[in-house]
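K.L.:
sequence unknown, structure follows:
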């Protein structure tokens, strides 16, 4: 499974030019190899792995930088199949195998696995530590005491929470702590409701441990709680006042894209809901506690993003819920065939099996999987929702220019392209301050202080999201004429020389 998943992600891994967020890690890795410093600290693991990839592969040119920068994203995305399998296996074996297949063929997961971003890395670690946490709770419940393995599990979980809350707290790894919290909520309700006497006994056993264990556990938990509260208080991404954003619900329950699911284009809006209802009925009939555990994590996660997530909508923010959605959908496939076995006579079973198999092949459309693997059409990606500019024509245009080395390049989304393709120095590249209300004054100052240079903008940041400049003609700034040289693929290039 892993190797199939890796193949699907690597096959066309450099087919798209980078979207703007990928520049952060590729430039950070390049900066470290050139100067021994790395200023960008968010999701440091991604920058470190990208640096290692560049160090051993020694790429040259943008395409090679993209391939090796994205390699470990593809690797970790494929590796997710391992913790996902063991999580789904707790529901039942068929669900585990189905979930593995759905993950490696998920158009959304394939697309995310082809980007130099933290999501493919961290979904692996989040699932791994959720698996460890579940094993810790189950072992503690069965043995009613802490042994060496349980203590190891606990140290792993506390270490993960400490790292996410206090070291890498600018990244989305913090979502993993939230999801572990949802698992804890489920177990708390489950044990108190199902085994009230055993829950009390377990608590007594916990307090009968050595004092050093108790003190250590409570100090660690206290540090995590304090860290979590401090994060919530300081974070602008979380709103304690509910606000409605149904786009996060549509990520999973709309037939439209982005992001792209297996059934994209089928035109049936309520398909995912029906599939979940089927699995819910079967899980309830068989009292499958692990199914309801993952259902709880998924539903609480959707509620959090719908009501309490304060940032603007992008599918990537809720990506960490996809594995749990996949487990639930996998259970619905298994349930459908299980219902046939239960309710129909033997001579009818085989025809229904064949019929359902055809239906599920139509629903989980292989064409959509093929599209995610091979397509390299630029623009907004229906697989992920991210926007990749087509830079081929811009590259042909710049290849014809004879740069003297003292030009300044003011740009919006192209630092990575300029650095990795043309070797521009950090001093030559200046970010166009889109969100600064005084950006025009700042640009005027840059033009006055630098005799010659280029202004390279994209239409999102040059007219669509904020006021900008004419796309097909020049203009004056501070008495200096900027000549329009290029306007293709949503990209504008202007030049000044005074």
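P.N.:
All right, it came through fine. This one's a predicted model, so the numbers in the text were calculated from it and none came from an experiment. Residues are numbered from 1 along each chain as shown.

K.L.:
now stretch 331-344: how far from the chain's centre is it?
P.N.:
32 Å (Cα atoms, centre = their mean, to the nearest Å).

K.L.:
which parts of that stretch are buried?
P.N.:
Within stretch 331-344, the residues that qualify as buried are 331-340, counting by 16 or more other Cβ atoms under 10 Å. Bear in mind the C-beta positions are built from the backbone N, C-alpha and C, glycine included.

K.L.:
so which of the residues you listed sit within helices?
P.N.:
When the buried residues of stretch 331-344 are checked against helices using DSSP state H, the ones located there are 331-340.

K.L.:
need these in TSV (columns: pLDDT).
P.N.:
TSV is the format used below for those (pLDDT from 0 to 100):
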residue	pLDDT
331	94
332	92
333	90
334	90
335	88
336	83
337	80
338	79
339	74
340	70
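
K.L.:
if I look at residue 483, how far off is residue 454?
P.N.:
10 Å (Cβ to Cβ, to the nearest Å).

K.L.:
these two touch, right, residue 153 and residue 131?
P.N.:
No: with contact taken as Cβ atoms under 8 Å, residue 153 and residue 131 are classed as non-touching, separated by 9.9 Å.

K.L.:
neighbour count winner among the two?
P.N.:
Counting neighbours by other Cβ atoms under 10 Å for residue 153 and for residue 131 shows that residue 153 has the greater number, 23 against 19.

K.L.:
and the more buried one, what helix or strand is that in?
P.N.:
helix 148-162 (DSSP states H and E).

K.L.:
measure how the helix or strand just after that helix sits relative to helix 148-162, angle-wise.
P.N.:
Downstream of helix 148-162, the next assigned helix or strand under DSSP H and E is helix 174-194. Following axes from the mean of the first three to the mean of the last three Cα atoms, to 10 degrees, one obtains 130 degrees for the angle between helix 174-194 and helix 148-162.

K.L.:
more crowded one of residue 483 and residue 454?
P.N.:
More crowded of residue 483 and residue 454, by other Cβ under 10 Å: residue 454, with 22 against 12.

K.L.:
dig out what that one forms beta bridges with.
P.N.:
residue 409, residue 495 (DSSP bridges).

K.L.:
that one touches residue 403, doesn't it?
P.N.:
No: taking contact to mean Cβ under 8 Å, the distance of 9.1 Å between residue 454 and residue 403 leaves them out of contact.

K.L.:
for residue 253, grab phi and psi.
P.N.:
Backbone dihedrals for residue 253, given as degrees, to the nearest 10, come out at phi -110, psi 10.

K.L.:
how about the strands in the stretch 301-450 of the chain?
P.N.:
Listed in chain order, the strands of the stretch 301-450 of the chain (DSSP state E, counting those that start in this stretch) span 379-380, 387-388, 408-411, 429-431.

K.L.:
deepest-packed of these, please.
P.N.:
Burial among the strands of the stretch 301-450 of the chain, expressed as mean neighbours by mean count of other Cβ atoms under 10 Å, is greatest for strand 408-411, which shows a mean of 22.

K.L.:
now, which of the buried residues of stretch 331-344 sits nearest residue 4?
P.N.:
When these are compared for distance to residue 4 (Cβ to Cβ), residue 333 comes out closest, at 18.4 Å.

K.L.:
residues contacting the nearest residue to that closest one once chain neighbours are set aside?
P.N.:
Computed as Cβ to Cβ, 6 or more residues apart in numbering, the closest residue to residue 333 that is not its neighbour in sequence is residue 98, at 5.4 Å. Residues near residue 98 by Cβ atoms under 8 Å, 6 or more residues apart in numbering: 88, 330, 333-334.

K.L.:
give me the element residue 98 is part of.
P.N.:
Under the criterion of DSSP H and E, residue 98 resides in helix 93-105.

K.L.:
next one: residue 121
P.N.:
Judged by DSSP H and E, residue 121 forms part of helix 118-143.

K.L.:
helices or strands up against that helix?
P.N.:
helix 44-57, helix 62-79, helix 81-89, helix 107-112, helix 148-162, helix 174-194, helix 196-207, helix 322-343 (3 or more Cβ pairs under 8 Å, 6 or more residues apart in numbering; DSSP states H and E).

K.L.:
and the ones you listed as a markdown table, adding distance to residue 316?
P.N.:
Listed next are these as a markdown table, based on distance: least, Cβ to Cβ, whole Å:
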| stretch | distance to residue 316 |
| --- | --- |
| helix 44-57 | 14 |
| helix 62-79 | 13 |
| helix 81-89 | 19 |
| helix 107-112 | 7 |
| helix 148-162 | 21 |
| helix 174-194 | 11 |
| helix 196-207 | 38 |
| helix 322-343 | 11 |
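
K.L.:
point out the most buried one among those helices.
P.N.:
Highest mean neighbour count among the helices and strands packed on helix 118-143 (mean count of other Cβ under 10 Å): helix 107-112, a mean of 27.

K.L.:
end-to-end on stretch 50-70?
P.N.:
Stretch 50-70 stretches 8 Å from its first residue to its last (Cα to Cα, to the nearest Å).

K.L.:
residues of the helix holding residue 121 that come out buried?
P.N.:
118-137, 139-140.

K.L.:
and that helix, how far from the chain's centre?
P.N.:
Taking the mean C-alpha point of helix 118-143 and that of its whole chain, the gap between them comes to 18 Å (Cα atoms, centre = their mean).
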